[in-house]
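J.: Pasted the sequence and its predicted model underneath.
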Amino acid sequence: MLEVDAIDVSYGDVQCLYQVSLKVEEGGIVALVGSNASGKSTALNTISGLLKPSNGEIRFQGRRIDLLPPHRIVEQGIVQIPEGRRLFPFMTVLENLEMGCYTMEARRWKRKSLEWVFQLLPVLEEKKAELANSLSGGEQQMLAIGRGLMARPRLLLLDEPSLGLAPLMVKKCFEIVKEINQQGTTILLVEQNVHHALSLADRGYVLENGRIVLTGKGKELLADADLRRAYLGL
């Protein structure tokens, strides 16, 4: 479904990604893991079109997308849920969800999408009239996920969904990610919580200092003691 082919990415004169390549198969979950400042969010932002690679290509369903602006990439079916949630704090839960219906296709399916999101995340229906900034951290993360789903993604990019959450909410968050995937949405997951991410993923990529240093099946990476010590800090 997604092919990232040898991309180099820089912020000004500072190069952050070096010849990064990865693939995401349709229907699967791929985890991109690594330490802080390894380049994980940069990779997602480049796939989303917020950054442009200086070398390499990105293809979605066989079509090159790295030359497209971000809104056109969303129209292709790629939706990113950013690190830190990025909600509209003084809008209600319902209004935040409706903001996810950016594309014409998403607006057409708004009612059905809303029913799906409320079924998947019932707390959002209970609190639909409340302001986003009145929610707990876990509820805000659920709202960010719900807003992304309102865009009807074919590929969902999740950037650190468990960041700042209490342990029980972390577990709940990953259960929801698994359920979204089982209902048909392909997922590329960036996550510092290596154990949860690789336990969930069909395939994992380890990013270190802007380079892919390891790849393999998620559970195999997690089970390799040398790899856990050398690259994953476990």
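T.: Sure thing, it's come through.

J.: residue nearest the centroid of the protein?
T.: In the chain, the centroid-proximal residue (CA atoms, centre = their mean) is residue 158; its distance is 1.4 Å.

J.: does that residue sit in a helix, a strand or a coil?
T.: Secondary structure assignment for residue 158 (DSSP: H, G, I helix; E, B strand; the rest coil): strand.

J.: ok, it to residue 185 distance?
T.: From residue 158 over to residue 185 the distance is 10 Å, taken as CB to CB, to the nearest Å. Where C-beta positions appear, they are placed from N, C-alpha and C, glycine not excepted.

J.: now do residue 216
T.: 23 Å.

J.: Buried ones in the helix or strand hosting residue 219, by neighbour count?
T.: Applying DSSP states H and E as the criterion places residue 219 in helix 218-223. The neighbour-count check on helix 218-223 (16 or more other CB atoms under 10 Å) flags 218, 221, 222 as buried.

J.: got a list of what the first one touches?
T.: Contacts for residue 218 (CB atoms under 8 Å, 6 or more residues apart in numbering) come out as 29, 31, 197, 198, 199, 200, 201, 202, 203, 204.

J.: ditto for residue 24
T.: 1, 2, 30, 155, 186, 188.

J.: Quick one: those as TSV, columns for distance to residue 66, neighbour count and secondary structure too.
T.: TSV is the format used below for those (distance: CB to CB, whole Å; neighbours: other CB atoms under 10 Å; DSSP: H, G, I helix; E, B strand; the rest coil):
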residue	distance to residue 66	neighbour count	secondary structure
1	15	19	coil
2	11	21	strand
30	18	24	strand
155	15	22	strand
186	19	22	strand
188	15	26	strand
